[in-house]
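Participant: predicted coordinates and the sequence they were generated for:
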Amino acid sequence: MRFLVYFVHRHVDFRRAEFESVAETCGCSAEALEWRRATRDETVGERRETPFWYVDLPSEDVARAIAKRALLVRGIVEEWGSGNDDAECARAVERYDAERKTPFLREGTTFRVEVEDFGIQGGRNQLKSRLDALQIPFEGKARLKGEVDNVFWSAVSSVAGEEGTRERRVFFGRLVGRGDRSMIKKYELPGRQYVGPTSMDAEVALLMANMAQARPGGVVMDPFCGTGSMLVAAAHYGALTMGLDIDPRVIKHGKAAKMKNQGKFMMKAEDGSTVDVWSNFAQYGLPPPVLIHGDLHALPTRAHGLEGYLQGIVADPPYGVRAGGRKSGGRKPLPEDYSIPEELKEGHIPSTAPYPFGEMCDDLLDLAARFLSVGGKLVFFLPGSIAEAEREIRDLPTHPLLRLRWHSLETFNNLWGRRLVTYEKIAPWDRDVCDKARSNAVEARARNSEPDLIERMRTLVYQSRESRIAELVEEKQKRRGRSPAPEN
Amino acid sequence: MRLLAHNMLACNAKGVVNGFPLKIVVKETRETETEFNAEFLVHMLPKMEWAAFVNAAREIGAGELPGEIPDDAATNEEFLQAFHHALLEVHVEEGTLVCPESGRKFPINKGIPNMLLNEDEV
């Protein structure tokens, strides 16, 4: 059955990916989903893809379940008709299967027509003229507020066409499933007890949990869990969560609790109480996670029997475009027989070494290849740019036991951002296959003399910052009526 | 730290061949009620090192469990409840994990085991 999907106009590159991943959790094969644009794409700016798409789904129940969970779905509609203007849309609605229409128009039912436009304003005031044009024989009772039996959507899309024209598309249909974004508000960071500078914002964290298909009965792990922001999202969807982090300050010590001072400013609590990862789970009434202070690179787990343990892995790894990751080990190589003197062992703080990007990726893929159950998802962020998108996608990490399912770029500005990648485990763990994959990756990196993704991103981020600073300096001097200082 | 975590943790310090199961020295435990999910428990059962689990449950006072997983485990409500309680509801808040081979100690504070190895152990 064909449905019209109206997406929220945010995270454009994530919308169909999230929909497909959620469709899978709703028991529908996402491999078979065929998308067709319902309007042309917006040709201006970065947010250029249309939010209106047609897709075939097995049933209304599936459509409703997807709409309920996918954050980027505004609504899923059974289209009764569409056209380039009201009259064309009216003719299409007229032609639409009467058996699909009459039960929802019947006497004794209650209904409401909502206006959901894209690219134009004031559509609500035109509702009467639109409905007059459509001439739909409503026999039920219209109700503007409260619960109704049937909701209809009148949607008009207006996007920039060629040479300054606007292209209009008019839709009418019955709402099958409405999107729900209330949990973004519920979990937003400003209201959370314990956050840090790298806590993942609620919407993206929930998106990641949807890509990881977090659900009751499974374990979702974050090997760089920090303040636990992604685990909170996975726990919201019912997964049991597990977090690993190398930094005891973040995962264990937490920080001073804050309280409102005379109802106004947030001050440190006077009783010296602290907040930590546990506080966040308690705040939302979520089951507590499993927390381990440890290192992904030197995993503190038994060697056998844990294959297929995890349903999902989510990660926002510290790659080192701005700040680098750390792993266990000395800053310098230690002599083979060196050991810390017995009297200093108590209270010794283990030193850590830089964690190179390539090695971190290998470790993540290894973790997924071994610990995920077949069908489980590995979801993580990589740095990404707009100019080099094609090359970056071509060069995404590969593993014989993992298949790349989705990738989506979130842009921070007109140059760079981060790319969320989702891999699926496709075959049971095999030590030889994994060892070989890893040594191949290491060799390939050794052969490659070009700068890696992180180095390229660093250049992009800092060069563009420097050129931006130069621009600002120049602007400032212009405003002061002086010409820029001559270069030496 | 719950037994769910304990059952997967091991000491992987350099030179240690079999760092599993870690002995638990308990200083403080806490019990919380956790939602019962039979599907989850049945999924976890084959991944447990059962003897280590039964022993650890005894060490932390999380109850007595049968030495062998019963054949009807998936439908045995009484067994699953006992498994659920020991696996998910008893938290070791303060204590120490001890490597069975090397005696290396891993402290547990605020419910979080510190499994980080020193630079001479990796």
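Facilitator: Structure's in. What do you need?
Participant: list, one by one, the residues from chain B near chain A.
Facilitator: Taking C-beta under 8 Å from any C-beta of the partner chain, the part of chain B that reaches chain A is made up of B:1-2, B:4-5, B:8-12, B:19-21, B:32, B:34-35, B:37, B:39-40, B:43, B:47, B:49, B:91, B:109-120, B:122. C-beta here means a position set from N, CA and C on the backbone, and glycine is covered the same way.
Participant: out of the residues you listed, which are buried?
Facilitator: B:1-2, B:4-5, B:8-12, B:19-21, B:34, B:37, B:40, B:43, B:49, B:91, B:109-120, B:122 (16 or more other C-beta atoms under 10 Å in any protein chain shown).
Participant: for chain B, what is the nearest residue in the stretch 1-150 of chain A?
Facilitator: Closest contact between the stretch 1-150 of chain A and chain B, by C-beta to the nearest C-beta, is at residue A:25 (14.6 Å).
Participant: secondary structure class for the nearest residue to that residue once chain neighbours are set aside?
Facilitator: Leaving aside its chain neighbours, residue A:25 sits nearest to residue A:213 (4.7 Å; criterion: C-beta to C-beta, 6 or more residues apart in numbering or on different chains). At residue A:213 the chain is in coil, as set by DSSP: H, G, I helix; E, B strand; the rest coil.
Participant: what sits against residue A:213?
Facilitator: Shown in contact with residue A:213 (C-beta atoms under 8 Å, 6 or more residues apart in numbering or on different chains): A:21-22, A:24-25, A:311-312, A:377.
Participant: so of the residues you listed, which ones are in helices?
Facilitator: A:21-22, A:24-25 (DSSP state H).
Participant: just the helices in the stretch 201-350 of chain A please.
Facilitator: Shown for the stretch 201-350 of chain A, the helices assigned by DSSP state H, counting those that start in this stretch span residues A:202-211, A:229-236, A:248, A:277-283, A:342-345.
Participant: as a markdown table, those with mean pLDDT and mean neighbour count would be great.
Facilitator: Below are these laid out as a markdown table (pLDDT from 0 to 100; neighbours: other C-beta atoms under 10 Å in any protein chain shown):
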| stretch | mean pLDDT | mean neighbour count |
| --- | --- | --- |
| helix A:202-211 | 98 | 25 |
| helix A:229-236 | 97 | 28 |
| helix A:248 | 86 | 16 |
| helix A:277-283 | 93 | 20 |
| helix A:342-345 | 78 | 9 |
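Participant: looking at those, which is closest to residue A:256?
Facilitator: Nearest to residue A:256 among the helices of the stretch 201-350 of chain A is helix A:277-283 (11.7 Å), distances taken as C-beta to C-beta.
Participant: gap between the residue of the stretch 1-150 of chain A closest to chain B and residue A:193?
Facilitator: Distance of residue A:25 to residue A:193, computed by C-beta to C-beta, to the nearest Å: 29 Å.
Participant: equivalent analysis for residue A:71, please.
Facilitator: According to C-beta to C-beta, residue A:71 stands 23 Å off from residue A:193.
Participant: near chain B, which residues of the stretch 301-450 of chain A?
Facilitator: By C-beta under 8 Å from any C-beta, the residues of the stretch 301-450 of chain A that approach chain B are A:301-303, A:305-306, A:308-309, A:328-330, A:334, A:338-340, A:345, A:348, A:350-351.
Participant: nearest to residue A:427, of the ones in helices among the contacts of residue A:213?
Facilitator: Within these, the smallest distance to residue A:427 is 18.1 Å, found for residue A:24 (C-beta to C-beta).
Participant: what sits closest to the closest one if chain neighbours are left out?
Facilitator: Distance criterion C-beta to C-beta, 6+ apart; nearest residue to residue A:24, sequence neighbours excluded, is residue A:30 at 4.8 Å.
Participant: surely the one you found is in contact with residue A:20?
Facilitator: Yes: at 3.7 Å, residue A:30 and residue A:20 qualify as touching, with contact defined as C-beta atoms under 8 Å.
Participant: neighbour count for those two, which is higher?
Facilitator: Neighbours around residue A:30 and residue A:20, counted as other C-beta atoms under 10 Å in any protein chain shown, are more numerous at residue A:20. The numbers are 23 against 17.
Participant: what is the helix or strand of chain B with the lowest mean pLDDT packed up against?
Facilitator: Taking mean pLDDT, DSSP states H and E as the measure, helix B:38-44 is the helix or strand of chain B with the lowest mean score, a mean of 91. Where contact means 3 or more C-beta pairs under 8 Å, 6 or more residues apart in numbering or on different chains; DSSP states H and E, helix B:38-44 is packed against helix B:77-84.
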